[in-house]
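Asker: Just to be clear, the model below is a prediction. Sequence and coordinates:
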Amino acid sequence: DSGVTQTPKHLITATGQRVTLRCSPRSGDLSVYWYQQSLDQGLQFLIQYYNGEERAKGNILERFSAQQFPDLHSELNLSSLELGDSALYFCASSGWDGPRYGYTFGSGTRLTVV
Amino acid sequence: AQSVTQLDSQVPVFEEAPVELRCNYSSSVSVYLFWYVQYPNQGLQLLLKYLSGSTLVKGINGFEAEFNKSQTSFHLRKPSVHISDTAEYFCAVSDEKGTDKLIFGTGTRLQVFP
């Protein structure tokens, strides 16, 4: 157990629907990162939150949004889902100096859009 | 744009043989370098990291990597692999713009045969 908890582990939904992925960071970590892993794109950075505030944004679609709550857990909201959104979504957390020490990853949420 | 290139998408090797997984990166400034391992149905786990100092870095499970600034490479090596090393390996680099995000390569699938 890495200490980063992601729920649900698997999600199957239809095109056009909206889903919410949840992440609880490792105890003491203030930063949460969301990554999308697909076969053709590899690991793509979506967004980072630090202590409740957005800190960095990557290739995140406008249909996707995220937030980090006061208890530091984070949610990634995906709406108007398309078949191409099917992927593994990873959450990672780090301390205040994340780049120096790397991330701790959760085990991911596998999203299948049908 | 900054990038990480993992030259081999798949590396097959027999048990107890040595292995090298190659990683090259592009950056105009000093960066931090990482290797992560992903076992089936799991999240990514940090193997080792280079921050500064000695160019030879030792990690978990007998892996080591060598930072070569002139060749902008960070190749991962193990002198004798085991069946349990079968996994996906990702090279990553810190963002040269100073954000906390990591930029990942597309991964190398290491398959160890008995």
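Answerer: Everything's here; your move.

Asker: okay, the closest residue to B:K69 other than its chain neighbours: pLDDT?
Answerer: Using C-beta to C-beta, 6 or more residues apart in numbering or on different chains and skipping residues adjacent in sequence, the residue nearest B:K69 is B:T55, 7.9 Å away. From N, CA and C alone the C-beta is placed, and that goes for glycine too. Looking at B:T55, its pLDDT is 92.

Asker: ok, now which ones touch the spatially most central residue of chain A?
Answerer: Centroid check for chain A by C-alpha atoms, centre = their mean gives A:W34 as the closest residue, at 3.1 Å. Applying C-beta atoms under 8 Å, 6 or more residues apart in numbering or on different chains, we find A:W34 in contact with A:C23, A:F45, A:L46, A:I47, A:Q48, A:I60, A:A66, A:S74, A:L76, A:Y89, A:F90, A:C91.

Asker: quick one: which of these is nearest to B:D95?
Answerer: Set against B:D95, the nearest of the contacts of A:W34 by C-beta to C-beta is A:F45 (8.8 Å).

Asker: any idea which helix or strand carries the closest one?
Answerer: Taking DSSP states H and E as the criterion, A:F45 maps to strand A:42-50.

Asker: okay, that strand in PDB with CA atoms only?
Answerer: Output in PDB follows, covering the C-alpha atoms of strand A:42-50 (Å, rounded to 0.1, in the frame of the first residue of the first chain):
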ATOM      1  CA  GLY A  42       1.700   7.200 -22.400                       C
ATOM      2  CA  LEU A  43       1.500   9.100 -19.200                       C
ATOM      3  CA  GLN A  44       0.200  12.600 -19.700                       C
ATOM      4  CA  PHE A  45       0.100  15.200 -16.900                       C
ATOM      5  CA  LEU A  46      -3.300  16.700 -16.400                       C
ATOM      6  CA  ILE A  47      -3.200  19.000 -13.400                       C
ATOM      7  CA  GLN A  48      -1.600  19.700 -10.000                       C
ATOM      8  CA  TYR A  49      -3.100  21.000  -6.800                       C
ATOM      9  CA  TYR A  50      -1.100  22.200  -3.800                       C
END
